[in-house]
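> build me a model:
(chains A and B)
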Amino acid sequence: MSERLTRFFASRWGIVLAGAAIGILAPLLQKAGNPPNMGICVACFERDIAGGLGLHRATAVQYLRPEIAAFVLGSTIAALLFREFKPRAGSAPLVRFILGVFAMIGALVFLGCPWRALLRLAGGDGNAILALAGLATGIAIGVWFLRQGYSLGRNHPVSPAAGWIMPALMVGLLLLLLFRPQFSEGGPIFFSTSGPGSLHAPVAISLGAGLVIGFLAQRTRFCTMGSIRDVILMGDTHLISGVGALLVVAFVVNLLLGQFHPGFAAQPVAHSNHLWNFLGMALAGLAFALAGGCPGRQLFLAGEGDGDAGIFVLGMIVGAGFAHNFALAGVPDKVVEGVLQVGGPGPYGQAAVILGLLVCVLLGFTMRERAA
Amino acid sequence: MQTVDARGLSCPEPVLRTRNALRRLPSGEELEVLVDTVTSRENVLRMAQKEGCQVTVEETPEGFRLRIRKP
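Residues are numbered from 1 along each chain as shown, chains lettered A, B, ... in the order given. Here you go, the predicted model:
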C-alpha cells in the first residue's frame, strides 16, 4: 500500500494533484484573511516571522505565520509515515546560508517568492510576468553553472538530533504564536496591528492548510524552481505540470471568489517597477538554483531532516531581517491624490541585488566538489 | 561496469551525472548508479526510462543501486 502510494505521488497525476490542492488552498487562505494575492508566500511569511521575532522592526510585517511551521511539520509527518525521514547535513552550510540571505533579498525586492509570483499572476497581477521571466533567467544561469560542474558537495548522514532541530524550531514558533509571550515592553513577540502582517487567516485554518500542503509537497517533491530548471536542463516537464496545475486552479478559484483583478499598477502589496521585479527574481532564481530548491522545497526538505535545507531557511529568515533593517526591500506602488507613484527598491536594495548577483555568480564559478 | 556515485548529492546532480555518464556509454552497456534518497531514486529512474533504458533497482544499506542498460 505504501509502495503504491509512493508510486502514485511520484507520478505526473500525483504532482498535478498536489499543485491543484495548493491552487485551491492558497486562494482560500486569502479569502480566510491572508493578504491579497498572498494566500501563500514563503518569502513574505518568513519575513513576517523575522518581524514577529524582532529580527527587524518594520511594524507592518510582523506575525509568526503558522503556514511556514505547518509546511515543515506536514513534511515531517509524511517523511516519518513513509520512512523518508533522513537526518543529513554537511554540504557547504555557510554557502547555503548566504544563498538563503540573497534569495530572500531578491524575493523581497519583487515582494514575493516564486509561489507568490504564481499566485499573483493567478490574481491578475501582470507584474508577476516580469518576475517569472526574471526567475527563469536566474535559473537558466544556474543551469549553466550546473552544466559546468558546479556542486556544493555531498551531505552525510548525521545523528537524529540534528535532523529534528528544524521541526523542533517550528514547534517552538507555533508555541510562541499561540501563547504570545512578551519578552520585553511592547515585544517581541510582535504582532502587526496594521498592514500585511495584520492580515491573516485563523491559526487553525493556516495550520490545517499548511500541514496538507507540506504533506503533499514532500510526497511529490513539489518545487517551483526545479520545475523551470528541469525544462531548461533536460526538457523534463514532470515538475512543471504540478506548477501549471497550481496556476490554472488558483486562477479559476480566484475567479469564483472574486479575487481576480487584472492590471499592473497599484496591485496589492506589489510594485510595477518592471526592471527590479525582473532583477530581484533573477537573483532569487539563481540563488534557489544554486541551493537546489525553491523556498518551499527547502522547507519540505528541512522537515525530512535535511540540515542543509534548514540552514538555507535560516539564511532566508536572517536575510529578511537585514532586508528591512537596511531598507533593501521593495516598496509597494502608491496612489497619491490620483497619481501613481511606482514603488520598487531604493538605492540600498538595488545595490544589494547587484551584490547578490555578483556573489552568486562567484559561487557558481568556484564551488566544485572536492575529493575527500 | 561504470559506477556513478551520487550519494549525498543535491538535486539535480544525481540526474545530471547519470545523464552525462549515459551519453558517454556505448549502446548496450550497463551503468550502475548509487543514490541515498528515494527522491534521487525516483528522479534517476524517471530520466533513464525517458531515455529508453532498461532499469533495475535494488536496495542497499545506504539507499539504492540502479542498474541502467543503455538501449
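> which SS state does the residue nearest the centre of chain B fall under?
Nearest to the geometric centre of chain B sits residue B:33, at 4.0 Å (C-alpha atoms, centre = their mean). On the three-state scheme (DSSP: H, G, I helix; E, B strand; the rest coil), residue B:33 is labelled strand.
> from residue B:48, how far out is it?
8 Å (C-beta to C-beta, to the nearest Å). To be clear about C-beta, it is placed using only N, CA and C from the backbone, and glycine gets the same treatment.
> what do these two both touch?
B:18, B:66, B:68 (C-beta atoms under 8 Å, 6 or more residues apart in numbering or on different chains).
> from memory the second one sits against residue B:55, does it?
Yes - Residue B:66 is in contact with residue B:55 according to C-beta atoms under 8 Å; the separation is 5.8 Å.
> more crowded one of the two?
Shown here are residue B:66 and residue B:55; by other C-beta atoms under 10 Å in any protein chain shown, residue B:66 has more neighbours (24 against 17).
> can you name the residue of the stretch 101-250 of chain A nearest chain B?
Going by C-beta to the nearest C-beta, chain B is nearest to residue A:154 of the stretch 101-250 of chain A, at 3.2 Å.
> following the chain onward from the one helix or strand residue A:45 maps to, which element is next?
Secondary structure from DSSP states H and E places residue A:45 in helix A:42-53. Going down the chain from helix A:42-53, the next helix or strand is helix A:66-81, by DSSP H and E.
> for stretch A:78-88, the averaged confidence score.
Regarding stretch A:78-88, the rounded mean pLDDT is 97.
> same check, this time on stretch A:200-207
Stretch A:200-207 comes out at a mean pLDDT of 98.
> now do the strands in chain B.
Secondary structure of chain B (DSSP state E): strands at B:2-5, B:30-35, B:54-59, B:64-69.
> need the strands for the stretch 1-150 of chain A, in chain order.
Secondary structure of the stretch 1-150 of chain A (DSSP state E, counting those that start in this stretch): strands at A:88-89.
> show me what residue of it gets nearest to chain B.
residue A:10 (4.7 Å).
> which residue sits closest to that residue in space, ignoring its chain neighbours?
Distances taken as C-beta to C-beta, 6 or more residues apart in numbering or on different chains put residue B:42 closest to residue A:10, at 4.7 Å, once the chain neighbours are dropped.
> what number of residues lie near the one you found?
21.
> for stretch B:18-33, buried residues please.
By neighbour count on 16 or more other C-beta atoms under 10 Å in any protein chain shown, the buried set for stretch B:18-33 is B:18, B:19, B:21, B:22, B:25, B:31, B:33.
> centre of the chain to that stretch, how far?
Mean-position distance between stretch B:18-33 and its chain equals 9 Å (C-alpha atoms, centre = their mean, to the nearest Å).
> sorry, back to before: now, which of the buried residues of stretch B:18-33 sits nearest chain A?
Distances from the buried residues of stretch B:18-33 to chain A were compared by C-beta to the nearest C-beta; the smallest belongs to residue B:19, at 7.0 Å.
> how about the residues of chain B near chain A?
Chain B has residues B:7-13, B:15-16, B:19, B:36-39, B:42-43, B:46-47, B:50 near chain A, with proximity defined as C-beta under 8 Å from any C-beta of the partner chain.
> can you do 10 Å?
Neighbours of chain A within chain B, by C-beta under 10 Å from any C-beta of the partner chain: B:5-13, B:15-17, B:19-20, B:36-39, B:41-43, B:45-47, B:50-51, B:62-63.
> from these, list just the buried residues.
So, of the residues of chain B next to chain A, B:6-13, B:15-17, B:19, B:36-39, B:41-43, B:45-47, B:51, B:63 end up buried under the neighbour-count rule (16+ other C-beta under 10 Å).
> what about the strand or helix carrying residue A:364, average pLDDT?
Element membership of residue A:364 [criterion: DSSP H and E] is helix A:347-366. Helix A:347-366 shows an average pLDDT of 98 in the prediction.
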